[in-house]
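*Asks:* Curious how this folds, go ahead:
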Amino acid sequence: MNKIAIYTITSALHDKDAIDKASKEFLDSLNIAYTLHGDDFTTYGQSPLNLIYVRTGGAEGIFKTLLPQLRQQSNGTFYLLTSGQSNSLAASIEILSYLEQNGLRGEILHGEPAYIAERVTLLMQVEAARQELNGFRLGVVGQPSDWLIASQVDYSQLQTKGIELIDVHMQELLDDFRDAEDAAGDGFDPSSSSDTIDKSLPDAWRIYHALGRIVVRHRLQGLTLRCFDLLTSVHNTGCMALAQLNSEGIVCSCEGDIPALLSMTIVQALTGVTGFQANPSRIDVTKGEMILAHCTIPFNMVSKYDLLTHFESGIGVGIRGYMPEGPVTIFKASCDLNRYFVAQGELIKNLQLPNLCRTQQRIRLENPADAAYFLTHPIGNHHIIVPGHCKKQLDELMRYFKC
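*Replies:* Sure thing, here's the model as predicted:
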């Protein structure tokens, strides 16, 4: 079911023909694609978004009778659609009050047709993302890097929110690396390279293929990699592999950073891209401007890219990607998904400074005051940069995790 599902409750005291006519006019005015199920709730909960259209007053008792069944089929939030006719709004308010008294969540969708349609479209996108996230399996290849002291995760707590973490020993990756054949990536065409990089590319692609085997073997939708261990074990980096896997829709974060992986997973479910995991490197709190940098970025987020060595080590393959300038969103969720940060801004310039990681972005925040967050109560180091403005969607989805 890709359409919005609309179910109805109606008091028998009202004239059915008149209510049916008014209902059709109201639903048509919303200009949304929907499937009308009437008062048959057997499929309730199976669509990404399920609306209960309270068509008249006097329907409160009907809803109360249905609620035990609906609770079993619902994701925990009830959306009450009202036209504002035939005491529909009054009945919806009474129902919502009853839901809250019983510890349940709900929302009344009421107002001008344009507002309702916009709200419904947003909820549809968010509910589809929420359903996609439920049952996600994410791999932790190696352990989080030693310096990520604020990024530890309670696996069991996270599983209660529908996401499962799977530990994968680093030796498994090294075994797959040694078994993998040399191979380049399909359509791989860097803007520039060098003899040093060319010599490192075969092993960089072997890391990619080895991680791909782990994804298949453990049935993963994403993973995080303790990538700095590869500097000594195979004298290369994971930057190329993670950039390619992210481009293919397999969410990957660097340095074993699980909160960054969770944040990227949420972003991809909403927007279709994993986002760019980066370090805040410089911040001007008065202007609300900051530079964020890292040595990898998904290839499908950039207009071109250069291959350089990894910044800290000077070996392997790092990526300098040039993302189109324009609207961006910065996002980070905490390790338990109970807290998050989101701010909109503009990517104003891709930089090439000599003393930072390879991909560098100067971003001006829409609200300069948001910059203070990084210096007063940040959620770890890495943050995720997403093309476009999607704060509304992220705010709505994080409500599901009760942030």
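
*Asks:* and the biggest helix by length in the chain, how far from the chain's centre?
*Replies:* When the chain is parsed with DSSP state H, its longest helix is helix 195-217. Remark: helix 195-217 is offset 26 Å from the chain centroid, using C-alpha atoms, centre = their mean, to the nearest Å.

*Asks:* I'd like the next helix or strand past that helix.
*Replies:* strand 222-225 (DSSP states H and E).

*Asks:* Restrict that next one to CA atoms and write it as CSV.
*Replies:* Written as CSV, here are the backbone C-alpha positions of strand 222-225 (Å, rounded to 0.1, in the frame of the first residue of the first chain):
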residue,chain,number,x,y,z
GLY,A,222,24.7,-0.6,6.9
LEU,A,223,27.9,-0.7,9.0
THR,A,224,30.5,1.3,10.8
LEU,A,225,34.2,0.6,10.4
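
*Asks:* Report the strands that pair with that strand, each with its relative direction.
*Replies:* If you go by DSSP bridges, strand 222-225 pairs up with strand 136-141 (parallel), strand 251-254 (parallel).

*Asks:* buried stuff in the very next helix or strand once past that strand?
*Replies:* Beyond strand 222-225 on the C-terminal side, the first helix or strand identified by DSSP H and E is helix 229-233. Using 16 or more other C-beta atoms under 10 Å as the test for burial, helix 229-233 gives 229-231. Quick note: C-beta positions are derived from backbone N, CA and C, even for glycine.

*Asks:* Comparing the strands paired with strand 222-225, which comes out most buried?
*Replies:* strand 251-254 (a mean of 28; mean count of other C-beta atoms under 10 Å).

*Asks:* Outside of that strand itself, list whatever touches it.
*Replies:* Applying C-beta atoms under 8 Å, 6 or more residues apart in numbering, the set of residues contacting strand 251-254 from outside is 138, 211, 221-225, 227, 238-239, 241-242, 245-246, 260-261, 264-265, 268, 274, 277, 294, 296, 382.

*Asks:* Over the next helix or strand after it, what's the mean pLDDT, rounded is fine.
*Replies:* Counting by DSSP H and E, the next helix or strand C-terminal to strand 251-254 is helix 258-271. Here helix 258-271 scores 96 as its mean pLDDT.

*Asks:* Go ahead and measure how far helix 258-271 is from the middle of the chain.
*Replies:* With C-alpha atoms, centre = their mean, you get 4 Å for helix 258-271.

*Asks:* ok, then the element right after that helix?
*Replies:* Heading C-terminal from helix 258-271 (DSSP H and E), you reach strand 276-284.

*Asks:* ok, back up a step: which among the contacts of strand 251-254 end up buried?
*Replies:* 138, 211, 221-225, 227, 238-239, 241-242, 245-246, 260-261, 264-265, 268, 274, 277, 294, 296, 382.

*Asks:* Leaving out chain neighbours, which residue sits closest to D40?
*Replies:* Closest residue to D40 apart from its sequence neighbours, by C-beta to C-beta, 6 or more residues apart in numbering: Y7 at 7.5 Å.
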